[in-house]
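I would like the atomic coordinates for the input below:
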Amino acid sequence: MSQEILNHPNPSATTFCVNLTEDQIRTAAGALQKIRPAYGPIIEFYSRVFRAQAAAMAETVIPPIILEKEALALKGENEMPLVTPVQFRIDVAAAKKLMGEICNLAVAYAPKLSGAGENMGRALAAEKLDLPRMFTDLLDGMDMKQTAEALDIPAEALALFGFSAMAPSIQACALQLAPYLEQMPERSSTARGYCPVCGSAPNLALFDETGARHVSCSLCSHIWPVPRMGCLFCDSQNREDQQYFFTGDEAEYRVYCCNNCRRYIKAVDVRQMGRRLYPKLEQIATIHLDMKAGEEGYRPPVQDGSLT
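Predicted structure coming up:
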């Protein structure tokens, strides 16, 4: 399934599109702020970040990643993703500009991140950051504690700024790579708990208008179909292990939990929505569900909660 066909002309219907325009993101954020007023400030900050990312996409230039036929066949036979995260190509100049904008947004709209944004922005302006190295280390899952301490910011904030700045490049790579999956139908149909493009975990499930289940990658935003039943992470098919909960006034949201591996994933049912869907914003506006799942002893699909 290509990302393009997930666009829908009707904004109130299914839109699994990852490439909304700045105006569309603003509209989606406004609708969420009306029905989730408690999230108003945090939605305001992240919607501005996502709009900055959407604008940066137009300026991001990424050379294509070419996969040879033999390598593609090998990956298909072994159920491997097309690339590993560190193989994503980053437009460093575009990411640097975007990081500066996100630091300014943090100072202006995110009180808990303002100090980190100020320190990060200052280091960026003084050319004290080795961005290519930092981006590679983040994508490679390296421990960033020492780098964060040198910047006098929390490691979580460093990851947020870094992944947010790389997001347009990563997403552009994923969109370029996704057509390769059409040459691996057996691989894409069986992919479950990890992204068929980059191997990262999903962080949100989406039920479309037919009731089919899809999931969104926590790193590259690729959306792929998965079986409707069973745990995405441990593959348990035992119905007694599979549970879900929801709150009465949020018909579009559910949280699916597995008692075998104790992991959970939040889900959005677009059949219950009368507004435009933008997965990244839905992830932000459901933090209370993460808290409730945590209280019940379940672990999130992505430990660092990266929101790119």
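
measure Thr21 to Ala293 for me?
Thr21 sits 32 Å away from Ala293, taking C-beta to C-beta, to the nearest Å as the criterion. (C-beta placed from N, C-alpha, C; glycine too.)

In this structure, mark out all the helices, start to finish.
In the chain, the helices defined using DSSP state H lie at 22-35, 40-57, 69-77, 92-109, 114-125, 131-139, 145-151, 155-177, 185-190, 279-284, 287-295.

who wins for proximity to Thr84 among these?
Ranking the helices of the chain by proximity to Thr84 (C-beta to C-beta) places helix 131-139 first, at 8.3 Å.

for that closest one, packing partners?
Here helix 131-139 touches helix 92-109, helix 155-177, going by 3 or more C-beta pairs under 8 Å, 6 or more residues apart in numbering; DSSP states H and E.

Of those, which is nearest Ala116?
Of all the helices and strands packed on helix 131-139, helix 155-177 comes closest under C-beta to C-beta, at 3.8 Å.

Mind listing what's buried along the closest one?
155, 157-177 (16 or more other C-beta atoms under 10 Å).

what's the spacing between that helix and its chain's center?
Centroid separation for helix 155-177 versus its chain: 9 Å, with C-alpha atoms, centre = their mean, to the nearest Å.

same deal with stretch 88-102?
17 Å.

can you start the count at 35 instead of 1 from here on
Sure, I'll start numbering at 35, so the last one becomes stretch 122-136.

I'd like the mean pLDDT over it, please.
Stretch 122-136 shows a mean pLDDT of 98.

who's in contact with that stretch?
Here stretch 122-136 makes contact (C-beta atoms under 8 Å, 6 or more residues apart in numbering) with 83, 86-87, 90, 93-97, 99, 151, 154-155, 158-159, 165-166, 169, 173, 195-196, 198-200, 202-204, 207-208, 232, 254.

could you dump it to PDB, C-alpha only?
Taking C-alpha atoms only, stretch 122-136 is exported to PDB below (Å, rounded to 0.1, in the frame of the first residue of the first chain):
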ATOM      1  CA  PHE A 122      18.500   6.800   6.300                       C
ATOM      2  CA  ARG A 123      20.000   9.800   4.600                       C
ATOM      3  CA  ILE A 124      19.800  13.200   6.300                       C
ATOM      4  CA  ASP A 125      19.800  16.600   4.600                       C
ATOM      5  CA  VAL A 126      22.000  18.100   7.300                       C
ATOM      6  CA  ALA A 127      21.600  21.700   6.200                       C
ATOM      7  CA  ALA A 128      17.800  21.500   6.100                       C
ATOM      8  CA  ALA A 129      17.800  19.600   9.500                       C
ATOM      9  CA  LYS A 130      20.000  22.300  11.000                       C
ATOM     10  CA  LYS A 131      17.700  25.000  10.000                       C
ATOM     11  CA  LEU A 132      14.700  23.100  11.300                       C
ATOM     12  CA  MET A 133      16.400  22.400  14.600                       C
ATOM     13  CA  GLY A 134      16.900  26.100  15.100                       C
ATOM     14  CA  GLU A 135      13.200  26.700  14.500                       C
ATOM     15  CA  ILE A 136      12.200  24.000  16.900                       C
END
